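Peer 1: task: produce atomic coordinates for the following.
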Amino acid sequence: MGIFSIFSKKEKKEVLDAGLEKTKTSFFGKLSRAIAGKSKVDDEVLDKLEEILITSDVGTETTIDIIHRIEERVARDKYVGTSELHRILKEEIGDLLTMSGNKETEGFDIPEDKRPYVIMVVGVNGVGKTTTIGKLAYQFKQAGLKVVLGAADTFRAAAVEQLVIWGERVDVPVVKQKMGSDPASVAYDTISSAKANQADVVIIDTAGRLHNKVGLMNELTKIKRVMQKVSPTAPDEVLLVLDGSTGQNAFEQAKQFVKATEVTALAITKLDGTAKGGVVLGISHEMNVPVKYIGLGEKMTDLQPFNRSEFVESLFEGQSL
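Peer 2: Numbering: from 1, shown residues only. Okay, the predicted model is just below:
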């Protein structure tokens, strides 16, 4: 179902263009300076492009892949002018995102025959995890779906309070227990309540402790196991929220969480305040996990379902070399 058709295409494009402005200005500014006076894509141009991609937080592996692809095209076509680099980069980045499982339209598609649809949200503190949950709940509700939130981050009072505030703001129920309660117990109660009240979507918040703590793996495994006592397929999605403005640190968090649990989707937040939008390309490609949402501002509508074509088009639109 087209959940996010509640927002106009024009509105989505305006938010996306504004959110990527810093990334576009930084990347293409560096690239234009790097190839000034050059007419042909040669080894020197490719070396400079590699440096720019890495410093734009695209990531080493993804950068090497992009450079290798362009080298193959240069060798095949014999002569590639710098004027063609814009088009080639756009095509190769689009292809890489497709290979990473990013379809034309992303976002969670809630199947009619699987209700409640359970989404477990993971990520370290400060990445915008609870805010992302609140915005998702709002958008699901606007689409006519019945939503229940679970406050399974029982280690921080602030985390539970923040989720309750979002629940009141969005007008959806929040299942919680006292501080220090077993997170798995909260998840169990949340899904039980959702089933009893015929809810469509359950979103479970989890503890945002440091991603390199060994206990995280055991905790997430336990939550999943207890969920399945109520809903055998739960969780239907494990959404990892990452702060795009942290660049390479987001890469490390992604690697650790993918090791700790079966991450099925990514949400990359705070892209509007950074020139590090290249992190979307690198994390998606290197983790081989699709980006489903990107955060481009504070408003409810500024959390957007990730659309590969729209993202690449916005990144390159209005830019020239």
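Peer 1: longest helix of the chain?
Peer 2: Secondary structure of the chain per DSSP state H: the longest helix is helix 60-77.
Peer 1: could you give me the buried positions within the helix or strand just after that helix?
Peer 2: Note on helix 60-77: by DSSP states H and E, the next helix or strand toward the C-terminus is helix 85-99. Residues 85-86, 88-90, 92-94, 96-97 are the ones in helix 85-99 that count as buried (16 or more other Cβ atoms under 10 Å). All C-beta spots, glycine's among them, are computed from the backbone N, C-alpha and C.
Peer 1: quick check: bridge partners of the residue nearest the centre of the chain?
Peer 2: Centroid check for the chain by Cα atoms, centre = their mean gives A267 as the closest residue, at 2.1 Å. For A267, the beta-bridge partners under DSSP bridges are V241, Y293.
Peer 1: excluding chain neighbours, what is closest to L46?
Peer 2: Spatial nearest neighbour of L46, chain neighbours left out: I67 (5.8 Å); criterion: Cβ to Cβ, 6 or more residues apart in numbering.
Peer 1: which residues in the stretch 101-250 of the chain form helices?
Peer 2: 129-142, 157-170, 183-196, 215-227, 248-260 (DSSP state H, counting those that start in this stretch).
Peer 1: show me where pLDDT drops low in this structure?
Peer 2: 1-7, 79, 100-106, 209-214, 319-321 (pLDDT under 70).
Peer 1: switch to 50 and redo it
Peer 2: Applying pLDDT under 50 to the chain picks out residues 1-2.
Peer 1: want to try JSON lines for the helices of the stretch 101-250 of the chain, with mean neighbour count and distance to K30 as columns?
Peer 2: What follows is these, written out as JSON lines (neighbours: other Cβ atoms under 10 Å; distance: least, Cβ to Cβ, whole Å):
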{"stretch": "helix 129-142", "mean neighbour count": "23", "distance to K30": "30"}
{"stretch": "helix 157-170", "mean neighbour count": "17", "distance to K30": "38"}
{"stretch": "helix 183-196", "mean neighbour count": "21", "distance to K30": "44"}
{"stretch": "helix 215-227", "mean neighbour count": "18", "distance to K30": "37"}
{"stretch": "helix 248-260", "mean neighbour count": "19", "distance to K30": "17"}
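Peer 1: residues in contact with stretch 39-54?
Peer 2: Contacts to stretch 39-54, defined as Cβ atoms under 8 Å, 6 or more residues apart in numbering, come from residues 27, 30-31, 34-35, 38, 60, 62-64, 66-67, 70-71, 74, 79-82, 84-85, 278.
Peer 1: filter those residues down to the buried ones, ChimeraX style.
Peer 2: The ChimeraX selection below is limited to those of the contacts of stretch 39-54 classed as buried (16+ other Cβ under 10 Å):
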select :27,30,31,34,35,62,63,66,67,70,74,80,82,84,85,278
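Peer 1: count the neighbours of A75 for me.
Peer 2: 9 (other Cβ atoms under 10 Å).
Peer 1: now do K78
Peer 2: 6.
Peer 1: for it, give me its contacts.
Peer 2: If a contact means Cβ under 8 Å, 6+ apart, then K78 has no contacts.
Peer 1: what do you get for G244?
Peer 2: Contacts of G244 were listed using Cβ under 8 Å, 6+ apart, and they are 250, 268-271, 274, 276-277, 279-280, 294-295.
Peer 1: now, those residues that are in strands?
Peer 2: Among the contacts of G244, the residues falling in strands (DSSP state E) are 268-269, 294-295.
Peer 1: which of the buried residues of helix 85-99 lies closest to Q198?
Peer 2: Nearest to Q198 out of the buried residues of helix 85-99 is L97 (Cβ to Cβ; 36.9 Å).
Peer 1: which residues does the closest one contact?
Peer 2: When contacts are counted by Cβ under 8 Å, 6+ apart, L97 touches 281, 284-285, 308, 311-312.
Peer 1: just checking, V122 touches A265?
Peer 2: No - the pair V122 / A265 is not scored as a contact, 10.6 Å apart, by Cβ atoms under 8 Å.
Peer 1: quick revisit: how about JSON lines for the helices of the stretch 101-250 of the chain, with distance to A18 added?
Peer 2: Below are the helices of the stretch 101-250 of the chain laid out as JSON lines (distance: least, Cβ to Cβ, whole Å):
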{"stretch": "helix 129-142", "distance to A18": "17"}
{"stretch": "helix 157-170", "distance to A18": "24"}
{"stretch": "helix 183-196", "distance to A18": "35"}
{"stretch": "helix 215-227", "distance to A18": "35"}
{"stretch": "helix 248-260", "distance to A18": "21"}
